[in-house]
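*Asks:* just to be clear, the model below is a prediction. Sequence and coordinates:
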Amino acid sequence: MTILIHDSDRHVIETPDIWRDYVDPRKIKGFEYNLTYDTKQKANERIMRLGEHAGVVLPPILKLGEHPMLNCWDENLNIESAKVFQKSTDKRKQAAFPETMLQDMDDSHIYSASLFPNVANYIVNHKNISAQASQAYATGYNTWLYEYCSQDPERLHGLGLISRHDPTTMVNQLEAIEKLGWTCITLRPDIIAGHSLGSPAYETFWQACEDKGISIAFHGGTSLQAPTAGTERYSSRFALHACSHYIEIQLAFLSLLDAGVLERYPTLKLGFFEAGASWLPAWLWRLDNICYPEFPGLVKNRIKMLPSEYFKRQCWIAIEMDEPCLAQVIDIVGHDRLLFGTDFPHPDHLHFDFKHLEQQNSDIKPPDLDCILQHNPKQFFGY
């Protein structure tokens, strides 16, 4: 039997012309997307200061108006990133266009994919951008992505991008995404514009998502210009990368649980991406056995059952194919709560080994693996 693999976490690459062609320039004044490219003169100056290794051609410096796009992205990191990004240059070019995206999917034995943003996530959620500009960029991105997915809508599934800078606009944004025919949106797990995911400002938004049957995929990332787990104490790429995906996604679930969002909206579908799943058994065990029973009177109106029961009822999580403890994850939440994504075309997740999936995942029974790869995504994304 042929497995029609769905890649639950695949990224597009947004080329600079998108922001020129799809975003209203009147709404982004002061926050224009601009790039400063490396030059031979700059490379020679770096060699004089830092040595021959610094002569590599650097990625362009990204800014929104005068605001740096990325947090804690210094010269040394840019030099090292240039070396690493060379490994994925061809893949990133493929991700920029639907025809070549589909070709790579064919080569990788992937039938369909849910498409997440790349740089758009950093633009829309930037701490310094105005609410108007943030929403204009989100709208432009969604329009471009809709055209991108129109190349083959059966195989390419867009996730709508929503600006959180002005919570009063989020329901209207959701309605515009619904008109595109999409059934899932993506949000950052971080605090954006002063609001955590548990903020009361989002109450009508969660209600609208539940009413419309639109799923929410939470997906973090390193170097966002906004408060992110670790930024209050670290500045190194190593430490920030260790915290940003892994810890922020745990805090996302906790924020929604503690605010009573899961209790009030029992059919709201939530997914947690690019943080693996090995942390889940320990996290749910602690919430169930240490935190929940400590002072039950304090949470009785917003958490009325074990945290793990909420997760099993309405949450999904994306796994890494070779991570430990997946058998325990399945024991606790069930194999039907698991998804798989390649994170294509990011350089730390370039290789998808179709031929050895069962050997890579010996902890997972073949029928369960089949569900993870092709059936569970339909339940979460609603395509």
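*Replies:* It's in.
*Asks:* just the strands in this structure please.
*Replies:* Ranges of strands within the chain are 6-11, 33-36, 61-64, 67-68, 112-116, 156-158, 160-161, 184-187, 215-219, 270-273, 315-319, 338-340, based on DSSP state E.
*Asks:* and the fifth one, average pLDDT?
*Replies:* Read it as strand 112-116. With pLDDT averaged residue by residue, strand 112-116 scores 99.
*Asks:* ok, that strand: who's next to it in the sheet?
*Replies:* When sheet partners are counted by DSSP bridges, strand 112-116 sits next to strand 6-11 (parallel), strand 156-158 (parallel).
*Asks:* mind checking these for the one nearest to Ala252?
*Replies:* Closest approach to Ala252 among these (CB to CB): strand 6-11, 15.2 Å. All C-beta spots, glycine's among them, are computed from the backbone N, C-alpha and C.
*Asks:* give the buried residues for stretch 330-349.
*Replies:* Neighbour counts over stretch 330-349 (16 or more other CB atoms under 10 Å) mark 330, 332-333, 335, 337-346, 349 as buried.
*Asks:* repeat for stretch 307-322
*Replies:* Within stretch 307-322, the residues that qualify as buried are Pro307, Ser308, Tyr310, Phe311, Gln314, Cys315, Trp316, Ile317, Ala318, Ile319, Glu320, Met321, counting by 16+ other CB under 10 Å.
*Asks:* check contacts around the nearest residue to the fourth one once chain neighbours are set aside.
*Replies:* Read it as Phe311. Counting by CB to CB, 6 or more residues apart in numbering, Phe311 lies nearest to Val333, which is 5.7 Å off, once chain neighbours are set aside. Taking CB atoms under 8 Å, 6 or more residues apart in numbering, we find Val333 in contact with Leu280, Leu284, Ser308, Phe311, Lys312, Cys315, Ile317.
*Asks:* relative to Lys378, which of the buried residues of stretch 330-349 is nearest.
*Replies:* Once CB to CB is applied, the member of the buried residues of stretch 330-349 that ends up nearest Lys378 is Leu339, at 10.5 Å.
*Asks:* now that closest one. Nearest residue, chain neighbours left out?
*Replies:* Using CB to CB, 6+ apart and skipping the chain neighbours, the partner closest in space to Leu339 is Ser8 (4.1 Å).
*Asks:* the one you found: neighbouring residues, count only.
*Replies:* Neighbourhood size, Ser8 [other CB atoms under 10 Å]: 28.
*Asks:* out of the buried residues of stretch 330-349, who's nearest Asp106?
*Replies:* Phe344 (12.9 Å).
*Asks:* which residue ranges of the stretch 101-250 of the chain form helices?
*Replies:* Here the stretch 101-250 of the chain has its helices, by DSSP state H, counting those that start in this stretch, at 119-124, 131-149, 170-179, 203-212, 237-258.
*Asks:* TSV for the strands paired with strand 112-116, including mean pLDDT and distance to Pro366?
*Replies:* Compiled in TSV, the strands paired with strand 112-116 are given as follows (pLDDT from 0 to 100; distance: least, CB to CB, whole Å):
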stretch	mean pLDDT	distance to Pro366
strand 6-11	98	17
strand 156-158	99	25
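*Asks:* out of these, the one nearest Lys93 is which?
*Replies:* strand 6-11 (13.1 Å).
*Asks:* now the worst-scoring helix or strand of the chain on mean pLDDT: how far from the chain's centre is it?
*Replies:* Here the helix or strand of the chain ranked lowest by mean pLDDT, DSSP states H and E is helix 357-360, holding a mean of 74. For helix 357-360, the separation from the chain centroid amounts to 25 Å (computed by CA atoms, centre = their mean, to the nearest Å).
*Asks:* most centrally placed residue in this protein?
*Replies:* Most central residue of the chain, judged by C-alpha distance to the mean C-alpha position with CA atoms, centre = their mean, is His219 at 2.5 Å.
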